[in-house]
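Student: Give me a model of this one.
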Amino acid sequence: QVQLVESGGGSVQAGGSLRLSCAPSGDTVSRYIVGWFRQAPGKDREFLASISRDGESTYYQESVQGRFTISRDSAKNTVYLQMNDLKSEDTAVYYCAAKSFGLTVFIQDYEHWGQGTQVTVSS
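Tutor: Have a look, this model is predicted:
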């Protein structure tokens with residue numbers, strides 16, 4: 001069971017940026033397809049972005065397309081989510097998740113999850 005560790009969350013004003021990181025503990029991130037998700041209070045967890053093992057393919061939820069960018073750095077064994085032009089509605093707990101096969105946007109397909117990192121955007 002791979003353990004994923006998210007970092008980089010925090011508080012930021014609207015219009016600001018944050019970069020979240022996701023790294024597997026004791027494993028190699030290049031083995032996995034990785035997705036980012038978020039869950040706001042009182043709402044369901046939602047898909048944001050995913051990236052293939054080689055980084056050549058990415059998917060985005062339409063609402064974050066153009067503002068969020070998912071990337072991976074094998075040398076640093078890390079997957080990132082760069083978030084720009086943050087809005088108050090981006091406030092949520094952000095999770096990374098991993099799976100072995102098949103780039104997908106479906107939450108139930110992801111096998112391994114991190115504990116989450118809080119992002120708070122104030123207007």
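
Student: Run a quick neighbour tally on the closest residue to Ala23 other than its chain neighbours.
Tutor: Sequence neighbours aside, Thr78 is the residue nearest to Ala23 in space, at 4.8 Å (criterion: CB to CB, 6 or more residues apart in numbering). No exception for glycine: its C-beta is placed from N, CA and C like everyone else's. Taking other CB atoms under 10 Å as the criterion, the count of residues near Thr78 is 18.

Student: pLDDT wise, what is Thr78 at?
Tutor: Per-residue confidence (pLDDT) for Thr78: 97.

Student: Confirm for me that it is in contact with Cys22.
Tutor: Yes. Thr78 is within contact range of Cys22, at 6.6 Å (criterion: CB atoms under 8 Å).

Student: what residues are shared contacts of the two?
Tutor: Counting by CB atoms under 8 Å, 6 or more residues apart in numbering, the shared contacts of Thr78 and Cys22 are Val29.

Student: Next, give phi and psi for the closest residue to Ser30 other than its chain neighbours.
Tutor: Leaving aside its sequence neighbours, Ser30 sits nearest to Ser74 (CB to CB, 6+ apart; 4.9 Å). Backbone geometry at Ser74, expressed as degrees, to the nearest 10, gives phi -70, psi -30.

Student: Need the residue closest to the centroid of the protein.
Tutor: The centroid of the chain falls nearest to Trp36 when counting by CA atoms, centre = their mean (2.5 Å).

Student: Give the rounded mean pLDDT of the helix or strand containing it.
Tutor: Using DSSP states H and E, Trp36 sits within strand 33-39. Average pLDDT, strand 33-39: 98.

Student: Which strands border that strand, and is each parallel or antiparallel?
Tutor: strand 46-51 (antiparallel), strand 92-99 (antiparallel) (DSSP bridges).
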